[in-house]
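Enquirer: coords below, sequence missing:
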């Protein structure tokens, strides 16, 4: 009986400890590396039962991402760009995903309506360099002599 209790506690501890947005992203990239973007997105979307209602849109995102990945070359890793929290129930996390040809930004949104985090949105783009250039313009910089 002791062993069963320990196994149950370990099982529930692992489930609970793996339910942060960062854990979900780590799992996404593990699957992405081993099985590809389609499987990784399927697992990510499976965290939210409401995603089933927009199945056609999800399939479109999977197909489009797969097409982009086929032309950017080898995957070399990811760098965190930004993490923004809105209260304790919503978080947006963006990564610069490094490929041989060029980087792509992956943006994840997570929502926690009760006690577990679930995927709320996912997007990707390759035109974020315009945003970086805009942010680097002089009128956004503070006067260093103040």
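Expert: Yep, it's here. This is a predicted model, so every value here is computed, not measured.

Enquirer: and the residue nearest the centre of the chain, what is it in contact with?
Expert: Residue closest to the mean C-alpha point of the chain, counted by C-alpha atoms, centre = their mean, is residue 108 at 3.7 Å. Residue 108 is in contact with 21, 24, 25, 28, 44, 92, 93, 94, 95, 119, 121, 122, counting by C-beta atoms under 8 Å, 6 or more residues apart in numbering. Every C-beta, even on glycine, is put in place using the N, C-alpha and C of the backbone.

Enquirer: tell me the contacts of the third one?
Expert: Looking back up the chat, that one is residue 25. By C-beta under 8 Å, 6+ apart, the contact set of residue 25 is 93, 95, 108.

Enquirer: any idea whether residue 98 is helix, strand or coil?
Expert: strand (DSSP: H, G, I helix; E, B strand; the rest coil).

Enquirer: For it, list each beta-bridge partner.
Expert: residue 77 (DSSP bridges).

Enquirer: what about this structure, any weak spots by pLDDT?
Expert: Along the chain, segments meeting pLDDT under 70 span 1-18, 51-59, 61-63, 67, 139-146.

Enquirer: all strands for it, in order.
Expert: According to DSSP state E, the chain carries its strands in the segments 75-86, 90-99, 104-111, 118-125.
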